[in-house]
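J.: Following is a predicted model, sequence given first.
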Amino acid sequence: MKKFAPLLLVAIAIVVIGYFDSPKFAEKEQAISAFPVPEEETSSATAVEEEEVKGIPVLESRLVDMYLEDGYSVEVYQEYEVYKDEQGNVIERVATENYNYLRYKQ
């Protein structure tokens, strides 16, 4: 029985692999995965293409505020998305809602 069990497991593995490789399984898999794409998704793809034309933004932090609090000097930086063209000229600068607070002991 001890010699028979490993051979049985190998035979079962070969049968399972053979089934997944068979054309009948490929037809079933293709029938499941082939479905029509809704109209909403195709229109959103064009919006993504328009965003790519603008370029990939570079994140930049700018000093927004400085104040004193409990013996500390606090600097507030806001993050901006900066879009540039091929020559390095700024096309657009968009403020994000991310802030960084740096605190220094006085």
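T.: Perfect, I can see it now. All values derive from a computational prediction rather than experimental measurement.
J.: from here on, contacts and neighbour counts on C-alpha atoms
T.: Noted.
J.: in the chain, which helix or strand is least confident?
T.: Ranking every helix and strand in the chain by mean pLDDT, DSSP states H and E puts helix 39-54 at the bottom, with a mean of 55.
J.: Find out how far the helix or strand harbouring Ala5 is from the centre of the chain, if you would.
T.: Under the criterion of DSSP states H and E, Ala5 resides in helix 4-21. Helix 4-21 sits 39 Å away from the centroid of its parent chain (Cα atoms, centre = their mean, to the nearest Å).
J.: same deal with stretch 59-66?
T.: The mean C-alpha position of stretch 59-66 is separated from the chain mean by 26 Å, Cα atoms, centre = their mean.
J.: Name the residues that touch it?
T.: The contact list for stretch 59-66, computed with Cα atoms under 8 Å, 6 or more residues apart in numbering, reads 73-82.
J.: what's in contact with the longest strand anywhere in the chain?
T.: For the chain, the strand that runs over the most residues, judged by DSSP state E, is strand 90-105. With Cα under 8 Å, 6+ apart as the test, strand 90-105 has contacts from 71-85.
J.: Neighbouring strands - and their directions - for it?
T.: Partners of strand 90-105 in the sheet, by DSSP bridges, are strand 72-84 (antiparallel).
J.: which residues are in contact with the partner strand?
T.: 54-68, 90-106.
J.: Buried among these? Make that a PyMOL selection.
T.: A single PyMOL command selects the buried members of the contacts of strand 72-84 (16 or more other Cα atoms under 10 Å):
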select buried, resi 61+103
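J.: can you list the weak-confidence ranges in the chain?
T.: Applying pLDDT under 70 to the chain flags the ranges 1, 25-54.
J.: Please tell me how far Thr96 sits from Tyr19.
T.: Plainly put, Thr96 is 53 Å away from Tyr19 if you go by Cα to Cα, to the nearest Å.
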